[in-house]
Every structure is written in C-alpha cells, then in structure tokens.
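*Asks:* After the sequence you'll find the predicted model.
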Amino acid sequence: MGDDWFLPHLSQFRDRTALVWRENSYTYRELLDRVEAWREVLRQRGTKPGQCVALHGGFSPGTATLLLALVAERNIAVPLTTAVAAERDRALEIAGASWLVTFAGDDSWTIDKVSRGEESAQAGTTNDVDGHPLIVDFRKTGEAGMIMLSSGSTGAVKASLHSFAKILARYRGRATSPYRSLAFLMLDHVGGINTLFHILASGGTIVTLAERTPEAICSGIERHRVQLLPTTPTFLRMLMISEVYKKYDLSSLELISYGTEPMPNATLAALHAALPGVRLKQTYGLTEVGVLPTKSEGDDSLWLAVGGKGYETKVVDGVLWIRSQSAMIGYLNAPSPFDADGWMNTGDLVEQKGDYIRFLGRKSEIINIGGEKVFPAEVENVIQQLDNIKEVTVRGRSSPITGNIVIATVELRAPEDPDALEERVRAACRERLAPFKVPAMVEIASETLCGNRFKKKRRANQKSGITK
C-alpha cells in the first residue's frame, strides 16, 4: 500500500522528541508504542478495515497516535474538533461513522459505537458497509482514508473523502529540516494535518499549547525554543496589536508561515518590521487539493509562486485553477468541483506578475457597485490601519440604485462614539480609495470577528443595531 512506509520511516528517529504536550515530551519510540496500543484497542473493539472512525478532540498524543493507528488499520478517519454536540452529530451522520472516540482535556478517552438512525439509512449516510457510493468504491482499494469536513463560501458543511496514500506521498523522500514547530491549526483542518505529517516525516518536534492567545504563543515559543510558527493572518494581526512579542525571547523563531485567508498589507509590513530576523512565507491550500508548495517573492511581499511536483496551476479569466495528484476523491454531500480533466476552479481571484501571483479575494465576495468591482480586502486594509480598530470585515448589501453598497463592520479595542467612528473611517477611505469603494455604512460588531480557527467571520451578521 502507498501508506505503509510511514510508520517504519518514523522508527528511525527513535529517541528524538516527537511531541510536546502539557509540558511533557514524548519520543518517537513512545509515539509508535502508543500507535501499536491503539491498533490493539481497535481490534479488540471489533473495528473493521474500511469503517469510518471519528476522533473528537484537540491536538494531543492521543489524537495524533490514534490517527496514525487508523491509517495502519486501513480505516477511514474522521477528525472532529468542534465543541458543539449538534454539529458533531451532523458530522457523524454525513460521514457515516461507525465509531466515535472522544478525548477529554487530560487526553483520556472513550470509544463508542455510533448508532444507525432510520433517517440516516434513508438518506444513504449509513454507518455500516452499505455507506455512500464513494466510500463503497474506496473500500475496494484496501487503502486508509480520511473524511474532512469544512464550511464552503455558503456556510454549508462539505465532507470530502481523501486517500491517505495520496496525502502521505507528498512527504515521502523529501529532505527537509527537522523543525520544532508549534501546532496552531487543529487536526480537522488541512493545515493541521499538514503540520502533523510534515514535521513527523522530517523527524522534527511538534509543540502543542493549551491556549492560542498571543501571550501563550509567545511564551511557548520562548520556553520550547520553537523554530516554526504556522498560523493565520488574523492571529498575526492580534499579535501585532497586543505587542506581547516584545516581552519574550523569540530568537529561536526562524519561520512564520501564514495562510487560510488573505494577509493585509499593513499586517505583513508590521510583522516584517517587528521580527526582522524571521522569514515570512505565505502558504496556500484547500481541503479539496491539499497544501501546495509555495515560494514568497520576499518576506515583505504578498506575491508568491504556487505549485510544484504533483500540482499544476493555471489562471483563467483572473481565477486560479488547480490540478493535484493528491486531490480528494470527492464530496460525500455535494457535486464534484473538478472538471472532466481534473481541474478545480478555486474561486480565488489573482493577478499575475511573471511566475508570481497575488491573491485579490474570493470571487464570491466581490462587491459590484454600479458595474465597478470592490475587493473587500482592499477596503479592510485601509480601515485596519486606523486607531482603535481591532478587526474589520467588509461586505456588500443590496441597493436599488447601485446594485450594492459597501458595509464595514468593525470590532473596536475600546468603546467609541458610533457617529465619530463612522466619520473617521469614511474620511480615511476617501483619502486612499476611489469614491465607490468608500463604505456607505459603518457598523460596530457586537461580538468578535475572529472565529475559532483564527480566521475572520465573514458570513455572520455582526451588526450591533447602530446603522445609518
């Protein structure tokens, strides 16, 4: 099988530290022993190859080693980290999970058989051998798989089926430095999966922390001499605003990789100035095709080259398309996003400069003002540089006159008079943007604009009731 090389590969690292969790270190030897213990548990409970097994918990020795055991046992893993029971139950139904392993905060666990409901059976999302047609066909390969659940541009959860042989292929034979890396993105995210397998395949160390606040992250970097921080632009903006990086020794940090959403120019400039000795690298990945190799034009540049071995890219009418050897097999609950030749329209608008591209935003988020295009990120970049602005999102609202108007929703660092806020936001935008890009309305968010994945929450209506 294409995935049976990974565990023997890890055995060569023996007594190196593989994982740091709750300030305790675990060697590769200890991790592999836990994998074997999990395999015995799975066999004793009667799990069968090809069955879907969900694991619900954070990034820990238990979840990481169970995931590796599921690969070895030829199961289909379903990583879940949501804390909402209703969302978890819906995810189990979509995936057709047969088993659920739930981890507590101390990494203790319970394993339960998932009951098969009549509604699930009628919908074709069963949790036995009569599952979704894609899963039925996949089981015939005898490979291990994974089902990842993610929210698309409409907010609807999509379940994508992946082959672990394809996922692991990108890490085989790669000579990379064994970084000490922070685990920032969780195992239900393509970035978290990439961190796990990339760091382990290179013999590096994954450091997990109980909190992901700027204070906790900087303290953890100092304490554990972390070299690599994979994170999001939203978190990096929080870090720059907090200025807590000034309190800690971050001299071990060599590389910050950022992705999952557009990076504001102002945040990148501030980060480059604050941490001049740290290399900054923009990453790009999608649940459907994986994390692509990238090369940033420079630490202070948002231009990057995307693609490499196993990946092809092209730009059609300003939109990025990708064809990947490690692409998912398909969605369990949505039409395939691939055309007949295997290309996927990412929906990401880009501009080109030689071999480099720069992301402008999602095509679905463009605001059309009387035939003129407004990219939310451009307006947000202006507003984010103003005093007292913690975060901002820009969206369109229907207008009978211009088709749409621009609405800015801001999260404040301290209370401020709404009228004065709107005036200074609009004044700043008038100075730097074309008139049609200036927000017609400025709203104050009633809750944080940062989601639990440390990305902006763009779909929810954050309006406080204060409108003009």
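*Replies:* Noted; the coordinates are in hand.

*Asks:* So, low pLDDT: which residues of the stretch 151-300 of the chain?
*Replies:* 151-156 (pLDDT under 70).

*Asks:* which residues in it form strands?
*Replies:* Ranges of strands within the stretch 151-300 of the chain are 157-163, 180-182, 205-207, 228-231, 255-258, 279-282, 284-286, 290-292, 294-296, based on DSSP state E, counting those that start in this stretch.

*Asks:* Which of those strands sits closest to Val20?
*Replies:* strand 205-207 (4.5 Å; C-beta to C-beta). For glycine as for every other residue, the C-beta is placed from the backbone atoms N, C-alpha and C.

*Asks:* quick one: the closest one to chain centroid distance?
*Replies:* 18 Å (C-alpha atoms, centre = their mean, to the nearest Å).

*Asks:* Each with direction, which strands does it pair with?
*Replies:* In the sheet containing strand 205-207, its partner strands are strand 17-21 (parallel), strand 180-182 (parallel), by DSSP bridges.

*Asks:* In CSV: those, plus distance to Glu372 and mean neighbour count.
*Replies:* Converted to CSV, the strands paired with strand 205-207 look like this (distance: least, C-beta to C-beta, whole Å; neighbours: other C-beta atoms under 10 Å):
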stretch, distance to Glu372, mean neighbour count
strand 17-21, 51, 22
strand 180-182, 42, 23
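
*Asks:* any chance of those strands in CSV, plus distance to Leu209?
*Replies:* What follows is the strands paired with strand 205-207, written out as CSV (distance: least, C-beta to C-beta, whole Å):
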stretch, distance to Leu209
strand 17-21, 9
strand 180-182, 7
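
*Asks:* Looking at those strands, spot the one closest to Pro264.
*Replies:* Using C-beta to C-beta, these put strand 180-182 closest to Pro264, at 21.8 Å.

*Asks:* Okay, helices next: where are they in the protein?
*Replies:* Along the chain, counting by DSSP state H, helices occupy 6-11, 28-45, 61-72, 85-95, 118-123, 133-139, 164-169, 190-201, 214-224, 233-242, 265-274, 376-383, 418-432.

*Asks:* picking that back up, output the strands of the stretch 151-300 of the chain as JSON lines; include the columns distance to Glu87.
*Replies:* Converted to JSON lines, those look like this (distance: least, C-beta to C-beta, whole Å):
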{"stretch": "strand 157-163", "distance to Glu87": "8"}
{"stretch": "strand 180-182", "distance to Glu87": "26"}
{"stretch": "strand 205-207", "distance to Glu87": "26"}
{"stretch": "strand 228-231", "distance to Glu87": "24"}
{"stretch": "strand 255-258", "distance to Glu87": "27"}
{"stretch": "strand 279-282", "distance to Glu87": "30"}
{"stretch": "strand 284-286", "distance to Glu87": "21"}
{"stretch": "strand 290-292", "distance to Glu87": "24"}
{"stretch": "strand 294-296", "distance to Glu87": "31"}
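
*Asks:* if we can go back for a sec, quick one: closest of the strands paired with strand 205-207 to Pro293.
*Replies:* Once the strands paired with strand 205-207 are compared by C-beta to C-beta, strand 180-182 is nearest, at 17.1 Å.

*Asks:* And the contacts of the closest one?
*Replies:* By C-beta atoms under 8 Å, 6 or more residues apart in numbering, the list of residues contacting strand 180-182 from outside reads 195, 199, 204-209, 217, 220-221, 224-231, 252.

*Asks:* Ok, stretch 257-268 next?
*Replies:* 185, 189, 191, 228-234, 236-237, 240, 280-285, 291, 300, 302, 359, 361, 377, 380-381, 384-385, 453, 455-456.

*Asks:* Does Arg397 touch Asn404 like I think?
*Replies:* Yes: Arg397 is within contact range of Asn404, at 6.4 Å (criterion: C-beta atoms under 8 Å).

*Asks:* okay, these two: which has more neighbours?
*Replies:* Asn404 (20 against 11; other C-beta atoms under 10 Å).

*Asks:* So what pairs up with that one in the strands?
*Replies:* Residues in beta-bridge contact with Asn404 (DSSP bridges): Ser398.

*Asks:* Touching, it and Ile367? I think so.
*Replies:* Yes: assessed by C-beta under 8 Å, Asn404 is found in contact with Ile367 at 5.2 Å.
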